[in-house]
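Novice: coords below, sequence missing:
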């Protein structure tokens, strides 16, 4: 038994949501409640051309390109790999899922993550991400800032923003 509604627009919305849409009355504009739930879409360019009255000529019979046969790597396997890299760095496996997720924001490549971990430390993915977002790479941290390599300043607890500013200032050509 369906509920009854005093307002006809609420009743129309209810019928639409349960899939019992009614056609609009003659002379009345259709509302979203009158629209069918599924719109049948054409499946190919040939069907679209036929519906629009276009002649594709030889293009209509051309073979369609095949799908890629190689499956894309899953995020799950990348996550496991990062967990392995963290374990190699001496981090316990339990409780590091959040840390591994933060490292995946830096890069999906385990080699790149390993290099960043060796440079900034295993527990500083946010520092690596900030450096990466400013187009700085691991090699840029070998630059001397006030006589000390930037990677050592990072390891000694200097704020990442100051190191980024210093490295970007050193990158600018003298005026």
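Specialist: Here it is on my side, so go on. Just so we're clear, the structure is a prediction, and the values are computed from it rather than from any experiment. Numbers count the residues shown, from 1 in each chain.
Novice: show me what contacts the residue minimising distance to the centre of the chain?
Specialist: For the chain, the residue nearest the mean C-alpha position is residue 105 (9.6 Å; CA atoms, centre = their mean). Going by CB atoms under 8 Å, 6 or more residues apart in numbering, residue 105 touches 125, 129. Heads up, the C-betas are built off the backbone N, CA and C, glycines and all.
Novice: repeat for residue 132
Specialist: So residue 132 contacts 106-107, 116 (CB under 8 Å, 6+ apart).
Novice: of these, which is the most crowded?
Specialist: residue 116 (24 neighbours; other CB atoms under 10 Å).
Novice: now do the same for it: helix, strand or coil?
Specialist: Residue 116 falls in the helix class when you classify it by DSSP: H, G, I helix; E, B strand; the rest coil.
Novice: look at the closest residue in space to it that isn't next to it in sequence and report its pLDDT.
Specialist: In space, and not counting its chain neighbours, residue 116 is closest to residue 128: 4.1 Å by CB to CB, 6 or more residues apart in numbering. Per-residue pLDDT puts residue 128 at 89.
Novice: list the buried residues for the helix or strand in which residue 128 is found?
Specialist: Secondary structure assignment for residue 128, by DSSP states H and E: helix 125-133. For helix 125-133, burial by neighbour count (16 or more other CB atoms under 10 Å) applies to 125, 127-132.
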